[in-house]
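1. just a sequence and a predicted model for now, questions to come.
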Amino acid sequence: MMIELSPEFAQAWERGMMSHAQYSWISRAIAGRSALVFGAGYDSALWHRLSATIAESNPSWVGDGIVPIDVPGRVNRWVAESPPPPAISSGYDCVLVDAPTGYDLHQPGRQLTIYWASLLAREFVFVHDYQRPWERACCDRYLGQPAAVITARKGHLAIFPRAVPAPSLPPLQTEIITEQHLGHLGERYRGIMGRASFPPITAWSHSLAWLELHPQLWESHGVMLVEDDCWASLDHITQLFTASVHAGAALGASWIGNKNQCKRWVWHWSTHLGDAPDLWKSYNPICYLSPMLLREVFAHRQARGRYAFHEILFATLAARAGGGLLMDWQLTHAGLFGAYRYRPCVKSHELAHGICHPVKSQITRPRHMSIYHPAIA
């Protein structure tokens, strides 16, 4: 049975302190691996089901199957580093840090548990409440920058790959998809914009048709999709592509959020995805799709006969697939982005500052194409 369908998962999601996507990603990451969780709570039954060791410093949460530990410290005060307690010092594939409490200056904070995680984890460290300054400062000191951050109203989850050999990547190849490539093939891929007032067949239709017909282009490492009014150098694209592959991301994009986080967005465009609370969206002028996600996208079209709006389709399918890490580049690679927004259009003087979108000017757009796509300029 899928772990998300278990009563333990349901209890964790309903009463615990993380989102559905966060619990799903961690559960699938630690399944079959040795894992240590700092922090007991309403999600303890889920971690026990996955055979994780749970360590807790608050006596009120220590019970059967919980390892009691002492974690000295205070938020915003560095304490002397000490070795992990003997009861948990053997090492683990994955370590989740979700304790001790650290919501104000009177709490012990997580300096030592983050430090211990950096020593004990062989494959992944997960740190919850990464949006809080003290947690982020401790992560910067002991773990460096996260490969990805899964955002949620209850708290952000940062993911830090440890000593996992990074996969070797082939040289990035570019392919410009136009209507001339596919003729009327896009008819089979209509509706990707998800709105009746938009053209039913677009460049997105043609690009996905091309990819479904040429799996050899993406079956190893996935694909980057870049709209032609997005100003991005090949170096920018390569950095995002490489980071997404190394992090094991299902989707890499910017401004990723779920329906609860973005209640005023146009969720009624989510044709064929339902009105479920687990709808997600991403902003996709430039985005990375993993092989797993591409297969989910094509399976969705084949089952439903058409697509849903791509900004909802990609993120929602990635979140529902389980283990589908959503990598928000605005959190992990903000320094690569310049004037990047929905509207208004980017002006010429802004183009020197990283990835820009949308570039609509009839002066700047040809210049952009001549620099980055000289074959069709």
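-> Nice, thanks for sending it over. The structure presented is a predicted model; accordingly, all values stated were derived computationally and were not measured. Numbering: from 1, shown residues only.
2. contacts, neighbours, all on C-alpha from now
-> OK.
3. following element in sequence after the worst-scoring helix or strand of the chain on mean pLDDT, please.
-> Taking mean pLDDT, DSSP states H and E as the measure, the helices and strands of the chain show their lowest mean at helix 179-182, namely a mean of 52. Secondary structure here is assigned by DSSP states H and E; on that basis, the next helix or strand after helix 179-182 toward the C-terminus is helix 203-213.
4. how far out from the middle of the chain is the helix or strand just after that next one?
-> Following helix 203-213 in sequence order, the next helix or strand is strand 223-226 (DSSP H and E). Distance of strand 223-226 from the chain centroid (CA atoms, centre = their mean, to the nearest Å) equals 16 Å.
5. what residue ranges in the stretch 1-150 of the chain score low on pLDDT?
-> Within the stretch 1-150 of the chain, the stretches with pLDDT under 70 are 1-2, 4-5.
6. any idea of the pLDDT on the residue nearest the centre of the chain?
-> Ranked by distance to the mean C-alpha position of the chain (CA atoms, centre = their mean), the top residue is Leu326 at 1.9 Å. With respect to pLDDT, Leu326 has a value of 87.
7. now His184
-> Each residue has a pLDDT score; the one for His184 is 55.
8. Arg365 too?
-> Confidence score, pLDDT, at Arg365: 57.
9. would you map out the domains in this structure?
-> 3-161, 179-334 (automatic domain parsing).
10. as JSON lines, those domains with distance to Lys347 would be great.
-> Listed next are the domains of the chain as JSON lines, based on distance: least, CA to CA, whole Å:
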{"stretch": "domain 3-161", "distance to Lys347": "30"}
{"stretch": "domain 179-334", "distance to Lys347": "11"}
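11. any idea how far the residue nearest to the centre of the chain is from Arg320?
-> Counting by CA to CA, to the nearest Å, the separation of Leu326 from Arg320 is 11 Å.
12. try Gly305
-> Note on Gly305: its distance to Arg320, by CA to CA, is 20 Å.
13. so for the two, which sits in the more crowded spot?
-> Applying other CA atoms under 10 Å to Gly305 and Arg320 shows that Arg320 carries more neighbours, namely 18 against 13.
14. contacts only, for that one.
-> 21, 278 (CA atoms under 8 Å, 6 or more residues apart in numbering).
15. need the nearest residue in space to Val226, chain neighbours excluded.
-> Nearest residue to Val226 in three dimensions, chain neighbours excluded: Ile286, at 4.4 Å (CA to CA, 6 or more residues apart in numbering).
16. that neighbour belongs to a strand?
-> Yes. Applying DSSP: H, G, I helix; E, B strand; the rest coil, one finds Ile286 inside a strand.
17. neighbours around it, how many?
-> Using other CA under 10 Å as the criterion, Ile286 is surrounded by 21 other residues.
18. quick one: contacts for it?
-> Applying CA under 8 Å, 6+ apart as the definition, the contact partners of Ile286 turn out to be 224-227, 230, 253.
19. assess the claim that Val226 and Pro285 are in contact.
-> Yes. The pair Val226 and Pro285 qualifies as a contact (CA atoms under 8 Å) at a distance of 5.8 Å.
20. and the two? which has more neighbours close in?
-> Regarding Val226 and Pro285, a neighbour count based on other CA under 10 Å identifies Pro285 as having more, with 21 against 17.
21. check contacts around that one.
-> By CA under 8 Å, 6+ apart, the contact set of Pro285 is 225-227, 230, 357.
22. redo that, cut-off 10 Å
-> Contact partners of Pro285, counting by CA atoms under 10 Å, 6 or more residues apart in numbering, are 225-231, 253-254, 311, 340-342, 356-358.
23. the helices in the stretch 1-150 of the chain, which residues?
-> Secondary structure of the stretch 1-150 of the chain (DSSP state H, counting those that start in this stretch): helices located at 7-15, 20-30, 44-49, 111-120, 133-142.
24. so which of the domains of the chain comes closest to Ser348?
-> Go through the domains of the chain one by one with CA to CA and the one that ends up closest to Ser348 is domain 179-334, at 10.9 Å.
25. ok, back up a step: so what's the residue nearest to the centre of the chain bridging to?
-> When bridges are called by DSSP bridges, Leu326 pairs up with Leu251.
26. residues in contact with it?
-> Applying CA under 10 Å, 6+ apart, the residues contacting Leu326 are 21-22, 25, 148-151, 244, 248-254, 256-257, 280, 282, 314-316, 318-319.
27. how far away is it from Ala21?
-> Leu326 sits 9 Å away from Ala21, going by CA to CA.
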